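3D, please:
(chains A and B)
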Amino acid sequence: MKRENMKRKTRYTNQQVADLLYKIADLVAIKGEVIYRVMAYRKAADSIAHLGRDINEVWREGKLQEIPGVGQAIADKISELLSTGHMSFYDKLTAEVPPSLVEVLRIPDVGPKKARAMWQELGLTTVAEVKAAAEAGKLRALPGFGPKTEAKILAGIESLARRITDRVHLGVAFPAARDLVGALARLPQVRRVAYAGSLRRFCPTIGDLDILAATDDPVGVMAAFRQLPQVETVLLSGETKTRVRLIGGLEADLRCLDEARWGTALQYFTGNKAHNIKLRELALKQGFSLSEYSLKREDGSEILCAEEEEVYRALGLPFIEPELREDWGEIEAALAGELPRLVSIQDIRGEVHCHSTWSDGRASIEEMALTAEAHGYEYLVISDHSQGLGMTRGLTPERLRQQWAEIQTVRRKLQRLRLLQGTEVEIKADGSLDFPDEVLAELDFVVASVHSSLRQDRETITRRVVRAMRSPHVDAIGHPSGRLLTRREESAVDLDEVLRVAAETGTMIEINAAPERLDLDDVHVRSAVESGVSLVINTDAHQPGDFDNLLFGVATARRGWAGPEHIANTLPLEALLARKKGGA
DNA sequence: GCCGTTTTCGGCCCGACTGTTTTCAGTCG
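Below is the predicted model:
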C-alpha cells in the first residue's frame, strides 16, 4: 500500500539548501572558526537563495561551481545532499556543536562569541536555558558579560517571543517610513531626509527602517527623533545614530550626517551589504577606500559626494538603480555598460485584473473605473471572481452577463478610460476552469488563478496550472505562487515549468502588486525576462486605494531587471489585446 | 571557504555603539 512517492528521496528547494548553508555558517561561527569561512557559507547561501534556477538542475548539469561563492568544497557538500538526502559534514558538525544554538544566536546582542561562551562555560544550548540562567543571575559571571549584558539578553528573549515574525511587508513598512520621513522633514534643522535600506530597494519584506537626515545639528535632531509619538522605546542613541522600536514593533534607525556627504551615505545605507562590499572592493582596486563618509585616497585626502550618482561615477560606473543593488550581477553589468533599461510607473497604461462589489471588492465598478481614470489609465479590465470561489461571492455566467450591462452603463460616464470585462477565473483542483469555454470566449481578458487546494504536491499543482495555461481562453495566470508574505508560504508549484509553458503557449504571467503578494517574485521575474515570457503588472485592486500599490509591482519588475518591453500593460489597449493568444 | 587587472597564496569592507574594559571585544548593519 506504499505509494511510489513515499519511497522517493526528499527533494530540496533552493531555499532549503540555502537555509542549510546559513545554519552551517552559524554553527561554524559558534565553533570559533575563522570568520572568512563563515562568510563563505553565507555568500554561497545568498547566491543559491537568489539563483533563479532550480539548484537540482544546476547540479545535474555539473555546474554548481559556476554559482558565485560556490567552490569545490561547498559544491561537493551540495552534491552529496542532493544525491543522498544528507550531508555528512552537517551531521559531523551538529555532533560537535548543538544545532539548537542557532536559535540562541537569534537573540539580539548575542553573537557567536557570546553563544559559545554560554555553551562552553555553562552548558546552555537552548533559548529556554539561556533565559533561566539569565533570570538566575548566572550570566554576569562570564568573562566579557556583566549585569547589563545579562539584562539585555533577557529583554532580547522577550522581544523574540513577542514578535510573530521579524519582518513586515511593504504595505506596513512603506507608510511607516513615509510617516517618519515626513515628521523629520518638518524639523527646521533638517536639510534633507530620506529612507534608505531594503525599503528603498523595494525588497518584498523589510526587517527594519533606515532613515537618513542631513543636518548641522545632529544632537537636536536625535533628541527630536526620540520624542516622536511613533516611538515606543529607544534602543540605542549616539551622536550620529539612534535606533528605536516604533509602536507596532517595527524598528527604525536614524543616521545624521553632513549634507556634503549625502551621496556616500545614501549609497551606503541603501545597500545591500553584498553590493556595498563589491563596490568597496572595486574602490580599493582603484586606490580608494569607500565608506559612508567619503571616498578616501591613499594619501588620506577625501572626495565628498553630495549625490549618489557621484559615488558611482567616481568608480567609473553608471548610476545603478536601488532596485538592482543586490549583487545579482548589476556591478558586472554596469562595468560592461550593459545595465538594463527598467520599466517605470509612467510606462503602465492600464490594468487587466481588478474587482468590484460584484464579487469581493469593496467599491462599485463606477468607483473603480473613475479612480483608474484619475490615475491616468487608458484601460481597465473588471475581473471579478468566478462562481466556484464561494467566499468571494463569485459570479455565475448569468450574473456575469448582468455585470456586462452595468459595465456598459458605466462606460458612458468615462472620458478617456476604456472599460472592459474579464474575469479572474478559478483554476479548479484538477486544472479545469470554473467557467465553460463559451463564457470565457466572450470576455475581453481572462486571468486564471489558484485560490484553493494550495497544498497539493508539486507535480499535481504544476500539472493543474499548466493545464489552465494550455486553454486557448486563458490570457494570464494571476499571482502564480499563491504566497502571502509573512503569512503563508507559496504553493509547491514549479515556477520554472510554469514559465517554460508560458513561453511556449504565449500565456502572460502576472506580477501581482499587492504588497502581501508581490507574486510573481523578483527572482522569477528575472527568469521570465530571460526566457521571453510576457508579464503583466496588476494591483488586483479590491478598492480604489489599492491602485496606489502599483509602485510595488513595478518595483518588483525592476528588481527582476524587466524593461517596458517585457510588460504587456505598457502597451496601448489594441496592442495588448493583439498580444493575447489568438489575438489579431 | 573562495578567489585572481598584484596574487594559485594570502588576502578577504568599513564604521557606530555598548559594555566591560584600563585599551578593546563583540555585535550589528
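
hey, let's count contacts and neighbours off CA atoms from now on
Noted.

quick check, the residue in chain A closest to DNA strand B?
Using C-alpha to the nearest atom of the strand, the closest approach of chain A to DNA strand B is made by residue A:146 at 2.4 Å.

leaving out chain neighbours, which residue sits closest to that residue?
residue A:140 (4.2 Å; C-alpha to C-alpha, 6 or more residues apart in numbering).

isn't that neighbour right up against residue A:150?
Yes - counting by C-alpha atoms under 8 Å, residue A:140 does reach residue A:150; the two are 5.9 Å apart.

starting at the chain centroid, how far to stretch A:315-325?
Centroid displacement of stretch A:315-325 relative to its chain, using C-alpha atoms, centre = their mean, to the nearest Å, is 19 Å.

which other residues reach that stretch?
Here stretch A:315-325 makes contact (C-alpha atoms under 8 Å, 6 or more residues apart in numbering) with A:200-203, A:270-272, A:275, A:282-283, A:286, A:308-309, A:312-313, A:330, A:334-335, A:337, A:339, A:555, A:558-561.

and it, how far apart are its ends?
This stretch, stretch A:315-325, spans 15 Å end to end (C-alpha to C-alpha, to the nearest Å).

quick one: mean pLDDT for it?
Average pLDDT, stretch A:315-325: 94.

low-confidence stretches in chain A?
Chain A contains residues with pLDDT under 70 at A:1-9, A:162-165, A:390-392, A:582-584.

show me it divided up by domain.
A:14-162, A:168-257, A:263-335, A:345-579 (automatic domain parsing).

the residue lying closest to residue A:485 once chain neighbours are set aside: neighbour count?
Leaving aside its chain neighbours, residue A:485 sits nearest to residue A:516 (4.9 Å; criterion: C-alpha to C-alpha, 6+ apart). Residues lying near residue A:516 (other C-alpha atoms under 10 Å) number 20.

assign a three-state SS to residue A:516, would you?
coil (DSSP: H, G, I helix; E, B strand; the rest coil).

doesn't residue A:488 make contact with it?
No - look at residue A:516 against residue A:488 with C-alpha under 8 Å: they stay out of range, at 9.7 Å.

rewinding a little: ok, the residue nearest to residue A:485 - contacts?
A:169-171, A:484-486.

what segments of the stretch 151-300 of chain A are strands?
A:168-169, A:190-195, A:205-206, A:208-215, A:231-237, A:241-246, A:251-257, A:288-290, A:295-297 (DSSP state E, counting those that start in this stretch).

please convert the ones you listed to JSON lines, extending it with mean neighbour count.
Shown next, in JSON lines, are the strands of the stretch 151-300 of chain A (neighbours: other C-alpha atoms under 10 Å):
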{"stretch": "strand A:168-169", "mean neighbour count": "22"}
{"stretch": "strand A:190-195", "mean neighbour count": "19"}
{"stretch": "strand A:205-206", "mean neighbour count": "20"}
{"stretch": "strand A:208-215", "mean neighbour count": "23"}
{"stretch": "strand A:231-237", "mean neighbour count": "15"}
{"stretch": "strand A:241-246", "mean neighbour count": "20"}
{"stretch": "strand A:251-257", "mean neighbour count": "22"}
{"stretch": "strand A:288-290", "mean neighbour count": "22"}
{"stretch": "strand A:295-297", "mean neighbour count": "20"}
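
for these, which one sits closest to residue A:53?
Relative to residue A:53, the nearest member of those by C-alpha to C-alpha is strand A:205-206, separated by 21.3 Å.

please name the strands paired to that closest one in the sheet, noting orientation.
strand A:168-169 (antiparallel) (DSSP bridges).

show me where the stretch 351-500 of chain A has strands.
A:379-382, A:418-426, A:445-449, A:476-477.

what touches both of residue A:140 and residue A:150?
Counting by C-alpha under 8 Å, 6+ apart, the contacts common to residue A:140 and residue A:150 are residue A:134.

between these two, which one's more packed in?
residue A:150 (22 against 17).

highest mean neighbour count out of the strands of the stretch 351-500 of chain A?
With neighbours defined as mean count of other C-alpha atoms under 10 Å, the strands of the stretch 351-500 of chain A peak in mean count at strand A:476-477, which reaches a mean of 28.

can you tell me which helices and strands it packs against?
If contacts are counted by 3 or more C-alpha pairs under 8 Å, 6 or more residues apart in numbering; DSSP states H and E, strand A:476-477 sits against strand A:445-449, strand A:508-512.

show me the one of those that comes nearest residue A:110.
Closest among those, using C-alpha to C-alpha: strand A:508-512, at 38.1 Å.

would you mind finding the longest helix in chain A?
If you go by DSSP state H, chain A has its longest helix at helix A:14-31.

what's in contact with that one?
Residues from elsewhere that reach helix A:14-31, judged by C-alpha under 8 Å, 6+ apart: A:35, A:37-39, A:41-42, A:44-46, A:48-49, A:51, A:54-55, A:78, A:90, A:93-94, A:97, A:99, A:101-102, A:105, A:112-113, A:115-116.

so which of those are also by DNA strand B?
A:37-38, A:41, A:44, A:105, A:112-113, A:115 (C-alpha under 7 Å from any atom of the strand).

got JSON lines for those, with neighbour count and secondary structure too?
Shown next, in JSON lines, are these (neighbours: other C-alpha atoms under 10 Å; DSSP: H, G, I helix; E, B strand; the rest coil):
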{"residue": "A:37", "neighbour count": "13", "secondary structure": "helix"}
{"residue": "A:38", "neighbour count": "20", "secondary structure": "helix"}
{"residue": "A:41", "neighbour count": "22", "secondary structure": "helix"}
{"residue": "A:44", "neighbour count": "21", "secondary structure": "helix"}
{"residue": "A:105", "neighbour count": "21", "secondary structure": "helix"}
{"residue": "A:112", "neighbour count": "19", "secondary structure": "helix"}
{"residue": "A:113", "neighbour count": "15", "secondary structure": "helix"}
{"residue": "A:115", "neighbour count": "25", "secondary structure": "helix"}
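
between those, which is nearest residue A:158?
residue A:105 (14.3 Å).

ok, that closest one - contacts?
A:26, A:111-112, A:115.

thank you kindly, that will do.
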